[in-house]
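Visitor: return a 3D structure for these sequence lines:
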Amino acid sequence: MNRVLASIAFLLICFFSYGFYISQFDLDFTPRTVKTSDFYYDYKLTMNIHTNLSIGSEPLSVVLAEAKQAQNKFIMITDLNPQIKSPDDSYLQNVGVLQGAKYGYKDSRLIYYSTKEKNLGLKQGESQLLLSDLLSEKASKNSDSLVVLAHPFKVGFSWLGDIPDGLDGIEIANLKSMSQQAWNYSKISTIWSILLYPFNPKLALMRIFQEPTEELMLFDQAAQKRKLVAFQGAEASARAVPLADWLIKFPSYEKVLGIASNHLLLTSELTGNMSQDKVKILSALKNGQFYICFDALGDPKGFEAYLLDTPKQKRYSMGQETKISKDLQFYFKLPTEPTSFYEVVLFKNGERIDTLNTFEGVFPLQGPGTYRIQVRISPRFPLPDAIKWLTWIYTNNFYLVE
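Guide: From the prediction side, this is the model:
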């Protein structure tokens, strides 16, 4: 018995010593910089967030405070099948709050947001009818609303068939879906992340990151037929886990909202007047004028990516459709040089076609098609992990046509 107790005590001492070691590990692999883009205003927005009005654990006031701690400029609340009418979009605690919703639709779930009437508090049949009407028309015709397919391959949900014309985009990076994929890939590694969470929550969450291969394949295939937008979804609910006499929020809103987000790249600054700003934000979201970033790996402020017509000195932003020209090039610039080995990868129609290992560069374009880039880094994680490739930034598509 004494040997058993001594062995358990030894293991606990080793575990907590290791926990102290990883608590000192900094996951920021890009040096902090105050430099911003010369051409864009960068606004961090996180969506797919639940409050205690549906499946979340906290009221909006708590979510706001934690979103502010995670340095979000905007959040989109998407309570599941809301039964009451939501308040208007507004700025609260210096954070812009967009009031959307998430509805069950067939075997999937759709995120819905509108700048006009707030179609929340709808009954099941009413929401189905609303979404059916929106999906049957072209997305460009519904200029005052946004419809996004949430977590298309999350366990228990699936999307079958073609992408409807009325769908604006797809969540390619849903954090809860990624955690389920990590569990299926390696249960031992996922359990280890859970054990590490109290010591270094950011590291524990990033360890379970899996490249969203299926989601990217679906997005790239659909985007070759028509314009489609790639989104990141937090799926934040901070569900309470009972432990003895405590309730642990695992993971907390702050930690989830600090992992990844959508970064809007606007050519003019927002006013601080929500009635005007929400129209501009919705337009950027519908057109794909933003990139997805795993902020836990480093602050991306100052990142630029656009098509450049050198003779005319004209720039084309993400999401734009442009006629092909021999003078067009794909220009990018990272805010700073990552401390780990990195690569900037150019994709055409979902296929990897070129790579650069510089923090600023130009890619030649190879005919009409959809173009996007991914910025990937390979940080060294603490033992027993090793070097792992992670995508830091996904841009939305640039569309080149004849």
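
Visitor: which secondary element of this protein has the worst mean pLDDT?
Guide: strand 240-243 (a mean of 51; mean pLDDT, DSSP states H and E).

Visitor: quick one: the helices in this structure?
Guide: For the chain, the helices identified by DSSP state H occupy 2-23, 60-69, 124-136, 175-185, 187-196, 201-207, 213-223, 253-257, 274-287, in order along the chain.

Visitor: which residues make contact with the second one from outside it?
Guide: What that stands for is helix 60-69. Counting contacts by CB atoms under 8 Å, 6 or more residues apart in numbering, the residues outside helix 60-69 that touch it are 46, 49, 51, 56, 58, 75, 77, 92-95, 97, 236, 252-254, 257-258. (C-beta placed from N, C-alpha, C; glycine too.)

Visitor: got it, and the shortest one?
Guide: Residues lying outside helix 253-257 but in contact with it, judged by CB under 8 Å, 6+ apart, are 46, 49, 58, 62-63, 66-67, 69-70, 72, 75, 175, 201-202, 205, 234-236, 238.

Visitor: those residues, buried ones only, as a PyMOL selection?
Guide: Applying 16 or more other CB atoms under 10 Å to the contacts of helix 253-257, the buried members can be selected in PyMOL as follows:
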select buried, resi 46+49+58+62+63+66+67+70+72+75+175+201+202+205+234+235+236+238
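
Visitor: give the contact list for the residue nearest the centre of the chain.
Guide: Most central residue of the chain, judged by C-alpha distance to the mean C-alpha position with CA atoms, centre = their mean, is Gln232 at 2.4 Å. Applying CB under 8 Å, 6+ apart to Gln232 gives the contacts 46-47, 171-174, 260-262, 292.

Visitor: ditto for Glu58
Guide: Applying CB under 8 Å, 6+ apart to Glu58 gives the contacts 51-52, 66, 238, 249, 253.

Visitor: again with Ile194
Guide: So Ile194 contacts Ala204 (CB under 8 Å, 6+ apart).

Visitor: any idea how far it lies from Leu60?
Guide: 28 Å (CB to CB, to the nearest Å).

Visitor: ok, Phe332 next?
Guide: Phe332 sits at a distance of 37 Å from Leu60 (criterion: CB to CB).

Visitor: and Lys286, how many neighbours?
Guide: Residue neighbour count, defined by other CB atoms under 10 Å, stands at 23 for Lys286.

Visitor: gap between stretch 139-156 and the chain center?
Guide: Averaging C-alpha positions (CA atoms, centre = their mean, to the nearest Å) puts stretch 139-156 14 Å from its chain's average.

Visitor: check what pLDDT the nearest residue to Thr36 once chain neighbours are set aside gets.
Guide: Excluding its sequence neighbours, the residue lying closest to Thr36 (CB to CB, 6 or more residues apart in numbering) is Gly302, at 5.3 Å. Gly302 is assigned 89 on the pLDDT scale.

Visitor: what is the burial count for Gly302?
Guide: Residue neighbour count, defined by other CB under 10 Å, stands at 17 for Gly302.

Visitor: now Val229
Guide: Val229 sits with 26 neighbouring residues when counted by other CB under 10 Å.

Visitor: now for it: which residues touch it?
Guide: Residues in contact with Val229, defined by CB under 8 Å, 6+ apart, are 148, 168-170, 285-288, 319, 396.

Visitor: which pLDDT value belongs to the nearest residue to Thr190 once chain neighbours are set aside?
Guide: The shortest distance from Thr190 to any residue that is not its chain neighbour, by CB to CB, 6+ apart, is 4.7 Å, and that residue is Trp183. The per-residue pLDDT reported for Trp183 equals 72.

Visitor: thinking Trp183 is in contact with Ser177, fair?
Guide: No - because the distance of 10.8 Å does not satisfy CB atoms under 8 Å, Trp183 is recorded as not touching Ser177.

Visitor: which one's more surrounded, those two?
Guide: For Trp183 versus Ser177, the count of surrounding residues by other CB under 10 Å is larger for Ser177: 24 against 16.

Visitor: for the more buried one, what are its contacts?
Guide: Going by CB under 8 Å, 6+ apart, Ser177 touches 151, 153-155, 171, 212, 215, 235.

Visitor: go through stretch 36-49 and flag the buried ones.
Guide: 40, 42-49.

Visitor: so which of those residues sits lowest on pLDDT?
Guide: Of all those, the one the model is least sure of by pLDDT is Tyr40, with 88.

Visitor: count of neighbours near the closest residue to that residue other than its chain neighbours?
Guide: Of all residues not flanking Tyr40 in the chain, Leu265 sits nearest, at 4.1 Å (CB to CB, 6+ apart). Leu265 is surrounded by 23 other residues when neighbours are defined as other CB under 10 Å.

Visitor: per-residue confidence for Leu265?
Guide: 93.

Visitor: what's near enough to touch it?
Guide: Applying CB under 8 Å, 6+ apart, one finds that Leu265 lies in contact with 37, 40-42, 284, 289-291, 304, 317-318.

Visitor: can you get me a residue count around the closest residue to Ala260 other than its chain neighbours?
Guide: What sits nearest to Ala260 in space, not counting adjacent residues and going by CB to CB, 6+ apart, is Phe294, at 4.7 Å. As a burial measure, the neighbour count of Phe294 was computed by other CB under 10 Å and equals 23.

Visitor: who's in contact with Phe294?
Guide: Remark: with contacts taken as CB under 8 Å, 6+ apart, Phe294 is in contact with 206, 209, 259-260, 390-393.

Visitor: ditto for Ala260
Guide: Neighbouring residues of Ala260 by CB under 8 Å, 6+ apart: 46, 173, 175, 232, 234, 292-296.

Visitor: now Leu205
Guide: Counting by CB under 8 Å, 6+ apart, Leu205 touches 175, 193, 197, 251, 255-256, 259, 296.
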